[in-house]
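**Student:** how would this look folded up:
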Amino acid sequence: MMMTRLAGFKMAAICCCFLALAACSKKNQPDLDAGLNGQGNGGVDVGSQAPGSKGDFDKNVGDRVFFLNDQTSLTPEAADTLTKQADWLKQYSGVSVQVEGHADERGTREYNISLSARRATTVRGFLISHGVPGNRISSIAYGKERPVALCDAEQCWSQNRRAVTVITGGAK
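**Tutor:** Predicted coordinates for the structure are as follows:
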């Protein structure tokens, strides 16, 4: 009985620590109550992104595409996103990117590194075939080492089977 209570207290303490860390990890939130004439932030629109910036790319274009299980071929949705990426990158010719390939947790480390490398190569090839110079695009394979979702179910695996286009230089 006493061990059960101690385990319960430990679990509660751990949960509190995670909640505290989550609260601290929020990015600096603007004080919407501050500002001139009650407009918050002095009338600045905090939701807009500067054209040619990383925020513009992430918000208005999309930085990631997803793959079906054990696949490297592009879905129609992925092709649409990559077409937007190519158009954006052609408009902002000074921007360089790195395509990160990822895989879900199933399979060996070696297999997933290879699969994620092929995914990154597919995305890089698509961007090049749509007019983005190859010298502006590098790629890297992470396999299953950097998941964005953790659970043992398709809802998480599908989020981890992805390629992410990361701006590495030249953005405003």
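
**Student:** every contact and neighbour count from this point should use C-alpha atoms.
**Tutor:** Noted.

**Student:** give me the number of residues near the closest residue to residue 94 other than its chain neighbours?
**Tutor:** Leaving aside its sequence neighbours, residue 94 sits nearest to residue 170 (C-alpha to C-alpha, 6 or more residues apart in numbering; 5.2 Å). If you count neighbours by other C-alpha atoms under 10 Å, residue 170 ends up with 14.

**Student:** one more: residue 68?
**Tutor:** Per other C-alpha under 10 Å, the neighbour tally for residue 68 reads 13.

**Student:** does it touch residue 161 like I think?
**Tutor:** Yes. Between residue 68 and residue 161 there is a contact under C-alpha atoms under 8 Å: 7.1 Å.

**Student:** hmm, back to that, what residues are up against the residue nearest to residue 94?
**Tutor:** With contacts defined as C-alpha atoms under 8 Å, 6 or more residues apart in numbering, the neighbours of residue 170 are 94-96.

**Student:** neighbour count, pLDDT and secondary structure for these - can I get that in JSON lines?
**Tutor:** Shown next, in JSON lines, are these (neighbours: other C-alpha atoms under 10 Å; pLDDT from 0 to 100; DSSP: H, G, I helix; E, B strand; the rest coil):
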{"residue": "94", "neighbour count": "13", "pLDDT": "95", "secondary structure": "coil"}
{"residue": "95", "neighbour count": "20", "pLDDT": "97", "secondary structure": "coil"}
{"residue": "96", "neighbour count": "21", "pLDDT": "97", "secondary structure": "strand"}
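
**Student:** export those residues to a markdown table and tack on distance to residue 131?
**Tutor:** What follows is those, written out as a markdown table (distance: C-alpha to C-alpha, whole Å):
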| residue | distance to residue 131 |
| --- | --- |
| 94 | 14 |
| 95 | 14 |
| 96 | 14 |
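
**Student:** from what I can see residue 53 touches residue 171, true?
**Tutor:** Yes. Under the criterion of C-alpha under 8 Å, residue 53 is in contact with residue 171, at a separation of 5.0 Å.

**Student:** of the two, give the one with the bigger neighbour count.
**Tutor:** Counting neighbours by other C-alpha under 10 Å for residue 53 and for residue 171 shows that residue 171 has the greater number, 19 against 16.

**Student:** how much space separates that one from residue 129?
**Tutor:** Per C-alpha to C-alpha, to the nearest Å, residue 171 is found 22 Å from residue 129.

**Student:** buried stuff in stretch 63-78?
**Tutor:** Judged by neighbour count using 16 or more other C-alpha atoms under 10 Å, the buried positions of stretch 63-78 are 63-67, 72, 74, 78.
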